[in-house]
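> Give me the fold of what follows.
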Amino acid sequence: MPLRDIADALTRAGVAVLRVDDRGVGESTGDRASSTTFDEADDVRTEVAWLRARPGIDRRRIALVGYSEGGLIAPMVAAGDSTIDAIVTLAGPGVSGPEVARYQIEAAVVRDTSIAPSGREAEIRRQLADTLTARERSYLAIDPMQYARRVRCPALILHGATDLHVPARSAERLAWAMRAAGNRNVTVRIFPGVSHSLLYDPIGLNSEWVYLPAFLTAPGILETMSAWLAARLNVPRAAH
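Numbering: from 1, shown residues only. Below you'll find the model as predicted:
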């Protein structure tokens with residue numbers, strides 16, 4: 001749903017949008033279960049190459065918008081492609097994979113009233129010790145900072161203040177890494193009351209998302225992203 005809203009907002013702002021299903025999803029071939037974050041980054045590189053060869057697309061004005069894990073993949077791709085014109089990360093990780101895992105599990109355990117306070121740490125450790133898939137092992141091994149430091153294009157970093165899946169401090173950490181390496185065009189926006197779902201969400205846990213009263217991506221996020229990208233990509237004002 002957030003991807004639908006993002007695509008709609010950008011299209012209305014005059015920005016052409018390419019959305020592609022993950023491997024093995026919808027009409028995409030391949031197997032998502034065996035793919036890793038690195039494989040998905042390779043897929044994005046393939047998609048960017050396809051866009052650059054497409055009539056009607058300005059190959060010099062291509063931006064990446066990444067949500068959640070995509071907020072890690074966008075810097076990964078931009079770090080190795082100096083021709084990417086801009087990136088936007090939405091709830092992207094700026095801390096290590098193990099820290100993200102503990103943050104997510106701890107948030108759920110602490111809010112689970114069936115677990116006594118005295119047993120929380122043991123439950124967190126039990127869940128952290130669960131067997132991991134190849135995809136999960138790959139993700140946990142990635143250090144977002146090593147890619148953020150190599151991003152030279154303008155970057156917009158957006159995060160919800162009540163995100164219980166990726167800590168909100170990720171936004172400033174990503175920005176710090178980019179700026180410390182010399183990137184002077186980095187913008188950060190934190191949205192109060194917005195969870196990892198990109199919705200206004202008083203609880204924040206994904207197990208509760210189905211009970212939210214509305215399923216509309218926070219307008220402030222869409223407006224900030226659309227205006228920033230339209231300006232960065234030099235979209236004619238009449239188009240938006």
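
> With just CA atoms, put the longest helix anywhere in the chain into CSV.
Secondary structure of the chain per DSSP state H: the longest helix is helix 37-52. Provided in CSV are the C-alpha atoms of helix 37-52 (Å, rounded to 0.1, in the frame of the first residue of the first chain):
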residue,chain,number,x,y,z
THR,A,37,19.5,-8.1,-0.2
PHE,A,38,22.5,-8.2,-2.5
ASP,A,39,20.4,-10.0,-5.2
GLU,A,40,17.7,-7.3,-4.9
ALA,A,41,20.3,-4.6,-5.3
ASP,A,42,21.4,-6.3,-8.5
ASP,A,43,17.8,-6.3,-9.6
VAL,A,44,17.6,-2.6,-9.1
ARG,A,45,20.8,-2.0,-11.1
THR,A,46,19.2,-4.0,-13.9
GLU,A,47,16.0,-2.0,-13.7
VAL,A,48,18.0,1.3,-13.8
ALA,A,49,19.8,0.1,-16.9
TRP,A,50,16.5,-0.7,-18.5
LEU,A,51,15.1,2.7,-17.7
ARG,A,52,18.2,4.5,-19.1
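
> what does it rub up against?
Here helix 37-52 makes contact (CB atoms under 8 Å, 6 or more residues apart in numbering) with 18, 20, 22-23, 57, 59, 62, 64, 69, 72-74, 76-77, 81, 84, 135, 138-139, 142. For the C-beta atoms, the positions are set from N, CA and C on the backbone; glycine is no exception.

> for that helix, the distance to its chain's centre please.
In terms of CA atoms, centre = their mean, to the nearest Å, the centre of helix 37-52 is set 16 Å apart from its chain centre.

> swap in stretch 153-165?
In terms of CA atoms, centre = their mean, the centre of stretch 153-165 is set 8 Å apart from its chain centre.

> buried ones in that stretch?
Applying a neighbour-count criterion of 16 or more other CB atoms under 10 Å, one finds 153-160, 162-165 buried in stretch 153-165.

> Could you point out which of those is nearest to residue 223?
Checking the buried residues of stretch 153-165 against residue 223 with CB to CB, the nearest one is residue 158 at 11.0 Å.

> Contact partners for residue 115?
109, 123.

> Shouldn't it be within a strand?
No. Read with DSSP: H, G, I helix; E, B strand; the rest coil, residue 115 is coil and lies in no strand.

> What mean pLDDT does the longest helix of the chain get?
On average, the pLDDT along helix 37-52 is 95.

> now stretch 153-167
96.

> for stretch 69-79, same thing?
According to the model, stretch 69-79 has a mean pLDDT of 97.
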